[in-house]
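[1] what's the 3D shape of this:
(chains A and B)
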Protein chains: 2
Amino acid sequence: MSDKSASGAPLRLGIAGLGTVGIGVVKIIRRQAQLLKARAGRPVVITAVSARSKDKDRGIDLSGYAWEDDAVDLAKRDDVDVFVELMGGHDGPAKASVEAAIAAGKDIVTANKALLAHHGQELALAAEDAGVRLRYEAAVAGGIPVIKALTEGLAGNDITRVMGVMNGTCNYILTQMQATGRGYNALFEECAELGYLEADPNLDVGGIDAGHKLAILSSIAFGTQINFDAVELEGIQRIQLEDIEHAAEMGFRIKLLGVAQMTGRGLEQRMSPCLVPEASPLGQLEGGTNMVVIEGDAIEQVVLRGPGAGEGPTASAVMGDVMDIARGFALPTFGQPARTLRPVNGAKAAKPAPYYIRMTLLDKPGALAKVAAVLGDAAVSIDRMRQISHEKERAPVLIVTHKCTRDALDTALSGLAKTGVVDGEPVAIRIEKV
Amino acid sequence: MSDKSASGAPLRLGIAGLGTVGIGVVKIIRRQAQLLKARAGRPVVITAVSARSKDKDRGIDLSGYAWEDDAVDLAKRDDVDVFVELMGGHDGPAKASVEAAIAAGKDIVTANKALLAHHGQELALAAEDAGVRLRYEAAVAGGIPVIKALTEGLAGNDITRVMGVMNGTCNYILTQMQATGRGYNALFEECAELGYLEADPNLDVGGIDAGHKLAILSSIAFGTQINFDAVELEGIQRIQLEDIEHAAEMGFRIKLLGVAQMTGRGLEQRMSPCLVPEASPLGQLEGGTNMVVIEGDAIEQVVLRGPGAGEGPTASAVMGDVMDIARGFALPTFGQPARTLRPVNGAKAAKPAPYYIRMTLLDKPGALAKVAAVLGDAAVSIDRMRQISHEKERAPVLIVTHKCTRDALDTALSGLAKTGVVDGEPVAIRIEKV
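    Okay, the predicted model is just below:
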């Protein structure tokens, strides 16, 4: 960390990765050179760039910057103060080049949630030992300055809960199901065609990408070592149109919602479909917009909402980090020294909640009674039950339970499988108090 | 600015003002001592306090702190690193003690929006000349870390518009009128009894308090010298229940909304009742909650929502500033050096907008035709007009105009006064695109 912030010397960036976000950063630095200098007290410039293909037409002239084929070489350049990693991927060139940058004493700005979710603790330790900054505002919730809010603005709070809708593609699919009555599969195909999905779509619809983001927020919020493996993950693939519709009838929306909270049994981190009240800020969130809700002992609740992706918004977040570095701000990667972060195991959702359950009953005598008995034995009491129609030999049944623990629910679900009257696996969705 | 952030030396606060917020800060520092130390890398402690009455029971033992009767003396103490000004008022002891703190080389954290709105530029110049920090997160929108978001997180953006609902009392009155059908006067009385109003209620219902906050945000957003006198102010006192009801019928809510944007004619700053779509985040804001909407060339739009007042939330914002100072962050008061901020005059709302107009017509022949003619002559064209009932000799008339400039509207309003058919002064409320 070469802190020349007070000297007025230019801050020199090396940008690795020239996709949407990388080009967005280049554009901001060109367009707003004067503004950035006025605010940072020094010029912010790009000296070198790197990407997979030098010859690709990116719609912008990059000939004024030195080119490196290898991001690792870029990270080591003498004329680079800040290594800006916008390649993605939790291993390979991204990891290698960030490690090289740390070893070379460069500050780092990255948008790479996967890298942090998998290697955040070791990278933070290395960065702090080397005295360099590792910043990643763009890794979580796109343009929303949520890392800054949590790490700095709310630093006086004992954070009690963090929630978020942080995958725009999932929220787009779910809100379009609601709005258009189209099914999950049709919307999944549409997203694939529109380029809304990651190369591995399971990163989106399986909740992995959003889970990475939640793991990062958890670490800051609770002073714990990042532990992505401890995130309970469930994607949106099993949500059917009828779930959306029945949720709506009860005054709810279905969201892929991340929830992290410290419990007596450990750190609970969940990324899964939840029912939230349609009148709540989370319930009203449409399309690709992201939302993060932060609760603390002093602040009560703050809600941040903004674009979760896209060239401008993500580049805005990258630039927030760059400007902090230009201004000479320094703090540990996760808000407190990585060496002081506590290791945590995952804790299954501990706090009782009501659940929505949808299952298909076979037309056998006493089927409904068997279901009720299994739930009762597991101490899951029924608030409302509805048998939708009685077509052919199968009847969909919807149940809303009273509050129960996840353990009790899981006991009930495995009991249902043994009754011989339930066709397939029931869908159970938590009703979250937000 | 004695930057011992790297040394681990305690950061020593002197707190002037022991009302709700001051006591809230004391409580956080006691309750979260360990957390604050882990995050700041050094202890945060209180060494001395000051308030009007030493003997008042504040429900908390303050005997461990040195007492000063005079805030100016507190600001000068050798054992104080940061002067925390929580007294309020734009002159008198608040101003004198902040000036004394600057002269004594102390960093300052304040929640005083009036002080900054009236003296922000001179205080910022003095602080920057003295090399001390002047921070004020708690001055705007309570617990929401909006100053940080705007000054730091979005520092890569050319900000295009800032909007906000930033007076909880006004929003409480307006949403309660909507929810309960009670009139403005009854709710004003209720707020007075509940202690929701400032000693001078015009600060709240006249829009002055919210105007102070808007002036602060404008300065950061547009790199301009703070100019509260240039804020077009209009309070909520003339909003009647029928305005609320008619707005609702058209799908709108009425909010005391601040809007700041740079126009070809200068900086437009307005704090006035506006109609906003009920389905928008601003339209859905209920009760005392605050919301700030920030738009920039890269970020598109970010919405921040949270408690606008109260012991915990406001103290949380104060602590955000304290923690930044403890961590050694330094930046100019308004995000760029005060000497580089441009002076601005006010610009009357330049962009055309539709307006809602309510007036009372006297029962005279051709009255409505006269109104229509005056509007037409002023180039204000009518989208919808409605005459509500015809009771006695007066009939309320509601008009929604097509887009027109504020100048054209003002011409029309003064023309209406001369027709002899309009009773009293019409109420005109801008319909804001949010």
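
[2] any idea how far A:Tyr196 lies from chain B?
    17 Å (Cβ to the nearest Cβ, to the nearest Å). (Glycine included, C-beta is placed from N, CA and C.)

[3] cool, and A:His212?
    A:His212 is 20 Å from chain B, where distance means Cβ to the nearest Cβ.

[4] Next, count neighbours for that residue.
    27 (other Cβ atoms under 10 Å in any protein chain shown).

[5] Which strand or helix spans it?
    Assigned by DSSP states H and E, A:His212 belongs to helix A:208-222.

[6] repeat for A:Glu295
    A:Glu295 belongs to strand A:289-296, assigned by DSSP H and E.

[7] Now do the SS call for A:Ala373.
    helix (DSSP: H, G, I helix; E, B strand; the rest coil).

[8] Partner strands of the strand holding A:Glu295 and their direction?
    Strand A:289-296 pairs in its sheet with strand A:159-165 (antiparallel), strand A:300-307 (antiparallel), by DSSP bridges.

[9] I'd like the ones you listed as JSON lines, with mean pLDDT appended.
    Shown next, in JSON lines, are those (pLDDT from 0 to 100):
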{"stretch": "strand A:159-165", "mean pLDDT": "98"}
{"stretch": "strand A:300-307", "mean pLDDT": "98"}
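
[10] out of the ones you listed, which comes closest to A:Ile244?
    With Cβ to Cβ as the criterion, A:Ile244 lies closest to strand A:159-165 of those, at 15.2 Å.

[11] How far off centre is that closest one?
    11 Å (Cα atoms, centre = their mean, to the nearest Å).

[12] Now do it and helix A:208-222, the angle between them.
    Relative orientation of strand A:159-165 and helix A:208-222, computed by axes from the mean of the first three to the mean of the last three Cα atoms, to 10 degrees: 160 degrees.

[13] what does strand A:159-165 rub up against?
    With Cβ atoms under 8 Å, 6 or more residues apart in numbering or on different chains as the test, strand A:159-165 has contacts from A:141, A:146, A:150, A:171, A:210, A:213-214, A:217-218, A:221-222, A:255-262, A:282, A:285, A:290-297, A:432, A:434.

[14] let's see 6 Å
    A:171, A:217, A:221, A:255, A:258-261, A:285, A:291-296 (Cβ atoms under 6 Å, 6 or more residues apart in numbering or on different chains).

[15] likewise stretch A:353-364?
    A:243, A:275, A:367, A:393-401, A:403, A:409, A:421-424, A:426-431.

[16] buried sites along it?
    By 16 or more other Cβ atoms under 10 Å in any protein chain shown, the buried positions in stretch A:353-364 come out as A:353-361.

[17] Next step: those residues restricted to strands.
    Residues of those located in strands (DSSP state E): A:355-361.

[18] Would you reformat the residues you listed as JSON lines and include pLDDT and distance to B:Thr314?
    Formatted as JSON lines, those follow (pLDDT from 0 to 100; distance: Cβ to Cβ, whole Å):
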{"residue": "A:Tyr355", "pLDDT": "97", "distance to B:Thr314": "38"}
{"residue": "A:Tyr356", "pLDDT": "96", "distance to B:Thr314": "38"}
{"residue": "A:Ile357", "pLDDT": "96", "distance to B:Thr314": "43"}
{"residue": "A:Arg358", "pLDDT": "94", "distance to B:Thr314": "45"}
{"residue": "A:Met359", "pLDDT": "94", "distance to B:Thr314": "49"}
{"residue": "A:Thr360", "pLDDT": "92", "distance to B:Thr314": "53"}
{"residue": "A:Leu361", "pLDDT": "92", "distance to B:Thr314": "54"}
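
[19] Spell out which parts of the stretch 1-150 of chain A neighbour chain B.
    A:28, A:38-39, A:143-145, A:148-149 (Cβ under 6 Å from any Cβ of the partner chain).
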